[in-house]
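Chemist: Have a look at this prediction, sequence included:
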Amino acid sequence: MTATGTIAATAAGTGVRTIAGTGVRTAVGIAAAGLALLLTAACTAPAPPRAQASPAAATVCARPQGPPQAETATTIDVVEQAYLCILGNYYGGATLDARSLLTAGFAALTRELVRRGRDVPEATMPALTGDRKADWAAFETAYRTVTDRVPDLREKLAVTVLEAVVAALDDNHARWAHDVRRPPDFYDGDGYGLGLQANVTGPQADGDPGAVPPPLFVTAVQGGAARAAGLRPGDVIESIDGSAPFAGDEAGPVVAALYPRYPEARPVRLRLLRQATGRRWTVTLRPGLYRRDLADLQVVRSELLNADGADAGDAAGGADAGTGEVAYVRMTGFAPDSANRVFKAVSRLRTGRTLSGLVLDLRGNGGGSPVEATRLVSAFARGEVTAYQCTVDGRCAAMRTDDTVEPLHLPLVVLVDRGCASACEHFTSAVKDLRAGRLVGTRTAGVISGPAQPYLLADNTVLSFPARHHLGPEREVIDRIGVPPDHQVAPTPQDAAAGRDPVLAKALTLLRG
């Protein structure tokens, strides 16, 4: 499963515009670019009641086959295809009140007309009865009447309506990926944006920015405008374009300006405070392409933390790793074969030595394949349920450990934060419920409605949404709630400025004990 909006994905400079119920997108910098389409669980939702389903509902959309084709114009027929596809395949489609989708679509249409100063008298919402087929016919008639008055806006209005229909599902794994563009000089691995990361991440800025307490501060400088302007980790962002990022204890939508996606190119003005010196200054950053470090592009990377704490202290602010050496593995996404890459990394680190534990760093891990999440859990638990995938009427299929995976036989500590979403939450909830390890950091994203399935629309765009709903191993709801850590540790601006990692330090303390 992915985050994305919802998670929606911005893949290292690839400007993929996506619409999700909570507007979640995968953070820029996740090495497995395009994780939003790495959804390998094949699930089928229950068929809608015969009285409500369109005859074409079951066959109106199909899975993408072969390489993507050039996008064509989005029309009202494409909107109808998406509408029927949702009703026939979405996990809640059988019980969904389709009038909510059509109402959201027409409301968006009228807002767009007003925004452009092109409102027309005929733009009135038709009466809807609850009959899905008849309601669509009424909606389409009204839509065509309006667009006949503004023919130059016909395609834009179809796009606006379809975006609103998908958003009305209010599902963080429902998205419509369209208008895929890259900057003209894009090179594989490039980033696009301001070149910084903050403690409120890109997915949070789109979905639930209020989940992180103030202040807002820089956690990493990746390149581009941020590096050129001399920003450093720990710099506190006091205002964005003149607005305070927090109103009381809640971060506001203005934080999303830190994470522009191509072709957005509007300059962003930041008021900054460097607490160590008391310096306050204002800088204007312009989004653009920047080269990223190769290490940031690796899905899995690893290192050995020495028993004497030398390397561990550098990373963790002086923590002592104790009497045994510790394997540290950072995993940025659940891409295909990523579990095997973790196993190989641990195997190499333990060659010729005895390890006292494994620290698995999943901070900022936006998810990916639920199969990989299950395989990774299987190295720490056997014969167990890792999750349930459920239909709208409560029928659930268990996802079980893959007992062909060799156990690692190592104490496990997993580092988590609000950037851990979707398949990452599948894994961490299983670790917690099955007592396979301990979680350190902050609560995960709560972006795990279910494994999304992609469907190709007639304009060569891709609509995706879950056919089943995800529950944890104890049948608990994780979506919108997240997985709480066993040990709550939240880094501060002072930690970032000093290069300290208190989350890793706590993990090493637990393994030492």
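Modeler: It's in.
Chemist: Provide the strand pairings for the helix or strand where Leu270 lies, with the direction of each partner.
Modeler: If you go by DSSP states H and E, Leu270 is part of strand 268-274. Here strand 268-274 is paired, per DSSP bridges, with strand 236-240 (antiparallel), strand 279-285 (antiparallel).
Chemist: now those strands as JSON lines including mean pLDDT, mean neighbour count and distance to Ala436?
Modeler: (Each C-beta comes from the backbone N, C-alpha and C, glycine too.) Formatted as JSON lines, the strands paired with strand 268-274 follow (pLDDT from 0 to 100; neighbours: other Cβ atoms under 10 Å; distance: least, Cβ to Cβ, whole Å):
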{"stretch": "strand 236-240", "mean pLDDT": "98", "mean neighbour count": "19", "distance to Ala436": "37"}
{"stretch": "strand 279-285", "mean pLDDT": "98", "mean neighbour count": "13", "distance to Ala436": "42"}
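Chemist: Can you get me a residue count around Ile340?
Modeler: One correction, residue 340 is Asn, not Ile. When neighbours are counted by other Cβ atoms under 10 Å, Asn340 registers 14.
Chemist: picking that back up, can you redo the strands paired with strand 268-274 as JSON lines with distance to Gln298?
Modeler: Formatted as JSON lines, the strands paired with strand 268-274 follow (distance: least, Cβ to Cβ, whole Å):
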{"stretch": "strand 236-240", "distance to Gln298": "28"}
{"stretch": "strand 279-285", "distance to Gln298": "26"}
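Chemist: Tell me which of these sits nearest to Cys420.
Modeler: strand 236-240 (22.7 Å; Cβ to Cβ).
Chemist: what does that closest one contact?
Modeler: 198, 215-218, 244-245, 254-255, 257-258, 268-275, 280, 493 (Cβ atoms under 8 Å, 6 or more residues apart in numbering).
Chemist: so which strand or helix has Ala220?
Modeler: Going by DSSP H and E, Ala220 is part of strand 218-221.
Chemist: What residues of the helix or strand just after that strand count as buried?
Modeler: Sequence order places helix 224-228 as the next helix or strand after strand 218-221, per DSSP H and E. Within helix 224-228, the residues that qualify as buried by neighbour count (16 or more other Cβ atoms under 10 Å) are 224-226.
Chemist: Can you tell me which helices and strands the helix or strand Ala177 falls within packs against?
Modeler: Using DSSP H and E, Ala177 maps to strand 175-181. Here strand 175-181 touches strand 15-17, helix 154-167, strand 462-466, going by 3 or more Cβ pairs under 8 Å, 6 or more residues apart in numbering; DSSP states H and E.
Chemist: what is Val221 paired to in the beta sheet?
Modeler: As assigned using DSSP bridges, the partners bridged with Val221 are Leu196.
Chemist: Now do it against Thr129, distance only.
Modeler: 57 Å (Cβ to Cβ, to the nearest Å).
Chemist: what do you get for Ser243?
Modeler: In terms of Cβ to Cβ, Ser243 sits 44 Å off from Thr129.
Chemist: quick one, which of those two is more surrounded?
Modeler: Shown here are Ser243 and Thr129; by other Cβ under 10 Å, Ser243 has more neighbours (13 against 10).
Chemist: Test my guess that that one contacts Gly252.
Modeler: Yes: between Ser243 and Gly252 there is a contact under Cβ atoms under 8 Å: 7.2 Å.
Chemist: which ones are touching Arg330?
Modeler: By Cβ under 8 Å, 6+ apart, the neighbours of Arg330 are 300-302, 361.
Chemist: sec struct for it, please.
Modeler: Recorded secondary structure, Arg330: strand (DSSP: H, G, I helix; E, B strand; the rest coil).
Chemist: any idea how far Val447 is from the closest residue in space to Ala211 that isn't next to it in sequence?
Modeler: Nearest non-adjacent residue to Ala211, counting by Cβ to Cβ, 6 or more residues apart in numbering: Arg418, 5.6 Å away. Computed as Cβ to Cβ, the Arg418 to Val447 distance reads 9 Å.
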